[in-house]
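Undergrad: Sequence first, then the predicted structure:
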Amino acid sequence: MTPTIRIQREDFDLSAEVERLTAARSHIGAVVSFTGLCRDEGGRLQALELEHYPGMAEAEIGRVAQAALERWPLSGLTAIHRFGLVRPGEQIVLVVATSAHRRAAFEAADFMMDYLKTRAPFWKREHLLDGTVGGWVEARQEDDDAASRWG
Amino acid sequence: MTPTIRIQREDFDLSAEVERLTAARSHIGAVVSFTGLCRDEGGRLQALELEHYPGMAEAEIGRVAQAALERWPLSGLTAIHRFGLVRPGEQIVLVVATSAHRRAAFEAADFMMDYLKTRAPFWKREHLLDGTVGGWVEARQEDDDAASRWG
Amino acid sequence: MSEAMIQTRPLKLVYFAWVRERIGLAEETVTPPAEARTVAELVRWLKSRDEGYAAAFADEAIVRAAIDHTHVKPDASIAEAHEIAFFPPMTGG
Amino acid sequence: MSEAMIQTRPLKLVYFAWVRERIGLAEETVTPPAEARTVAELVRWLKSRDEGYAAAFADEAIVRAAIDHTHVKPDASIAEAHEIAFFPPMTGG
């Protein structure tokens, strides 16, 4: 099975991506999706600017997906990450994992997100409502801690 | 926040349910969905018959949802479970959890599914391709084990 | 509440999945004797009624019970119950 | 590969986020001296070039590096590298 990995400026459609993985595959019992949205950060955010490293972003997410496929018996795996300007309430990232059973689908999606956060070459900068460009979002220790759960 | 709980014969739409939880709420950063599908069990299954205990099904899922709300800082929580005849590839159950951060959304959805499996009064019976009605699906020890993880 | 009142109070019983099939009924209203004070004692009385109940409750440890839509253990009192349900371990989700 | 070859081999460097901003460049091609054999040694050489690099790498422990699209540690050899990237800890997802 080849995972689907897309790095794109455009939005994505959750149902369409789930449909792509489940259509005509009736051995799938579990579908877990994670959608990451842009928060408004208490109303002060106008948009998030997402910078990425083209080429490496695809390669690194591909490596994380391969690790997930080796670890869990998955039927399908999709990861989509947007770049550019994303406004509060809009979608940033999607992971969908399908499997015969729910434990594999839950764990693989959780694992993918932990590694996307800490290893995929994306950086967020805040654009504030007052028109200024704020600072780069700082990496959080708890994201590293989350990724280290997987050994 | 009041969770949405529905016990219904009709199918449901993943995107519509996610949309209901996220529309115009821009403090949400994470959406985790679990969709449980009817497997074809190696091609021998024509349909699953889902029997439920009306009244108690809603009450019990409501109690599990309340426990999730007390345990995690959720922005929204939806659980939908179908009854009646469901064919391979069709959807059986949906849980959607939204939160500011991903850990709460993942854990709450995972928790909901573990407790739905072991506490919600639903019973599955197999209808086979050869036209016969097979046996009642047996409860699995690993489902009890999964639920006991949450203490 | 006096034993006489308990004895004569009708109680709704509902059955699901193979418990329902073995008993041959989806629901019924019964008036259990006063000595049936707990779920386990009610099951013992039901088993004495005919072989359908005996088959349904052959392995008492596996059949689950709920009083008024809430899961209960075999030693739960049925004194305040309006509807008692018996069913196999759940297999939803 | 001889040191003379290493010395003259041009190397593409790419920078992201605040590393890019502090250096003032998104990418450049450099020819580092032969003694710059590892990522850490390359950083030391870059820091000596001007204050933008010095500011970008002020806390060397925090800047991450990748060689040809793969994360590497500071002691990684740059001998076979075609493109080396420097960037802050990732904040995607």
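TA: Cool, the structure landed.
Undergrad: Can you work out which other helices and strands pack against the longest helix along chain A?
TA: Secondary structure of chain A per DSSP state H: the longest helix is helix A:102-119. Packing partners of helix A:102-119 (3 or more Cβ pairs under 8 Å, 6 or more residues apart in numbering or on different chains; DSSP states H and E): strand A:30-37, helix A:56-71, strand A:74-82, strand A:91-99, helix A:141-148, strand B:30-37, helix B:102-119. Yep, even glycine has a C-beta here, placed from its N, CA and C like the rest.
Undergrad: is the first one anywhere near chain B?
TA: In this case it means strand A:30-37. Yes - on the criterion Cβ under 8 Å from any Cβ of the partner chain, strand A:30-37 is in touch with chain B at A:30-37.
Undergrad: Export those as JSON lines, with columns for distance to A:S15.
TA: Below are the residues of strand A:30-37 next to chain B laid out as JSON lines (distance: Cβ to Cβ, whole Å):
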{"residue": "A:A30", "distance to A:S15": "17"}
{"residue": "A:V31", "distance to A:S15": "11"}
{"residue": "A:V32", "distance to A:S15": "15"}
{"residue": "A:S33", "distance to A:S15": "10"}
{"residue": "A:F34", "distance to A:S15": "15"}
{"residue": "A:T35", "distance to A:S15": "11"}
{"residue": "A:G36", "distance to A:S15": "17"}
{"residue": "A:L37", "distance to A:S15": "16"}
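Undergrad: Residue of chain C closest to chain A, please.
TA: Residue nearest to chain A within chain C: C:G93 (7.9 Å; Cβ to the nearest Cβ).
Undergrad: per-stretch mean pLDDT over the helices and strands packed on helix A:102-119, give me the minimum one.
TA: When these are compared on mean pLDDT, helix A:141-148 scores lowest, with a mean of 92.
Undergrad: Helix or strand: which one has the residue of chain C most remote from its centre?
TA: Relative to the C-alpha centroid of chain C, counting by Cα atoms, centre = their mean, C:G93 is the outermost residue, at 24.9 Å. According to DSSP states H and E, C:G93 maps onto no helix or strand at all.
Undergrad: Return the distance of the residue nearest to it when sequence neighbours are not counted relative to B:W136.
TA: Distances taken as Cβ to Cβ, 6 or more residues apart in numbering or on different chains place B:K117 nearest to C:G93, at 3.7 Å, with adjacent residues excluded. Here B:K117 is placed at a distance of 15 Å from B:W136 (Cβ to Cβ, to the nearest Å).
Undergrad: neighbour-wise, which of the two wins?
TA: B:K117 (23 against 20; other Cβ atoms under 10 Å in any protein chain shown).
Undergrad: Can you give me the neighbour number for the closest residue to C:P74 other than its chain neighbours?
TA: Nearest residue to C:P74 in three dimensions, chain neighbours excluded: C:A40, at 3.8 Å (Cβ to Cβ, 6+ apart). Using other Cβ under 10 Å, C:A40 has 16 other residues around it.
Undergrad: again, but for A:A100
TA: 16.
Undergrad: May I have the residues that are in contact with it?
TA: A:27-30, A:73, A:75, B:39 (Cβ atoms under 8 Å, 6 or more residues apart in numbering or on different chains).
Undergrad: how near is the residue in chain A that chain D sits nearest to to A:D13?
TA: Nearest residue of chain A to chain D, counting by Cβ to the nearest Cβ: A:F122, 2.7 Å away. Distance, A:F122 to A:D13, by Cβ to Cβ: 21 Å.
Undergrad: Which of these two has more residues huddled nearby?
TA: A:F122 (27 against 13).
Undergrad: Backbone dihedrals for the more buried one, please?
TA: Backbone torsions of A:F122, given as degrees, to the nearest 10, read phi -130, psi 150.
Undergrad: Can you give the contact residues for stretch A:47-66?
TA: A:3, A:5, A:7, A:38, A:77, A:79, A:81-88, A:92, A:111-112, A:115-116, A:119-127, A:133, A:137, D:14, D:16-17, D:66, D:69-71, D:85, D:87, D:92.
Undergrad: got the residues of chain A near chain D?
TA: Listed as neighbours of chain D in chain A under the rule Cβ under 8 Å from any Cβ: A:36, A:50-53, A:55-56, A:59-60, A:81, A:92-93, A:113, A:116-125, A:136-139, A:143.
Undergrad: again, only this time at 7 Å
TA: By Cβ under 7 Å from any Cβ of the partner chain, the residues of chain A that approach chain D are A:36, A:51, A:53, A:55-56, A:59, A:81, A:93, A:113, A:116-124, A:136-137, A:139.
Undergrad: Starting from B:Y115, give me the distance back to the residue of chain C closest to chain A.
TA: Using Cβ to Cβ, C:G93 is found at 9 Å from B:Y115.
Undergrad: ditto for A:D143
TA: Counting by Cβ to Cβ - A:D143 and B:Y115 are separated by 28 Å.
Undergrad: before we move on, back to that, neighbour-wise, give me the winner out of the residues of strand A:30-37 next to chain B.
TA: In these, the most neighbours by other Cβ under 10 Å go to A:V32, 29 neighbours.
Undergrad: okay, the residues of strand A:30-37 next to chain B in a markdown table with distance to chain C next?
TA: Listed next are the residues of strand A:30-37 next to chain B as a markdown table, based on distance: Cβ to the nearest Cβ, whole Å:
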| residue | distance to chain C |
| --- | --- |
| A:A30 | 10 |
| A:V31 | 13 |
| A:V32 | 13 |
| A:S33 | 17 |
| A:F34 | 20 |
| A:T35 | 22 |
| A:G36 | 26 |
| A:L37 | 27 |
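Undergrad: Just the closest of those residues to C:R9, please.
TA: A:A30 (45.6 Å; Cβ to Cβ).
Undergrad: mind listing what the closest one touches?
TA: A:A30 is in contact with A:98-99, A:101-102, A:105, B:34, B:36, counting by Cβ atoms under 7 Å, 6 or more residues apart in numbering or on different chains.
Undergrad: do the same with A:S15
TA: Contacts of A:S15 (Cβ under 7 Å, 6+ apart): B:14-15.
Undergrad: give me every residue that touches A:A104.
TA: A:A104 neighbours (Cβ under 7 Å, 6+ apart): A:72-74.
Undergrad: so what's residue 92 up against?
TA: This is for chain A. Contacts of A:I92 by Cβ under 7 Å, 6+ apart are A:36-38, A:50, A:82, A:86.
Undergrad: Let me rephrase: I mean chain C.
TA: B:81, B:116-117, B:120, B:122.
Undergrad: how about a cut-off of 10 Å?
TA: B:36, B:50-52, B:57, B:60-61, B:81-83, B:92-93, B:116-124, B:137 (Cβ atoms under 10 Å, 6 or more residues apart in numbering or on different chains).
Undergrad: Please enumerate the strands of chain C.
TA: For chain C, the strands defined by DSSP state E occupy C:11-15, C:27-30, C:64-67, C:70-72, C:83-87.
Undergrad: what's the closest of the ones you listed to D:G52?
TA: Closest among the strands of chain C, using Cβ to Cβ: strand C:70-72, at 66.8 Å.
Undergrad: what about that closest one, distance to the chain center?
TA: Relative to its parent chain, strand C:70-72 has a centroid offset of 12 Å by Cα atoms, centre = their mean, to the nearest Å.
Undergrad: So A:I5, which state does it fall into?
TA: Here A:I5 takes the strand state, with states given by DSSP: H, G, I helix; E, B strand; the rest coil.
Undergrad: So it sits against A:T78, correct?
TA: Yes - here A:I5 reaches A:T78: they are 7.7 Å apart, a contact under Cβ atoms under 10 Å.
Undergrad: More neighbours: the two, which one.
TA: A:T78 (21 against 18).
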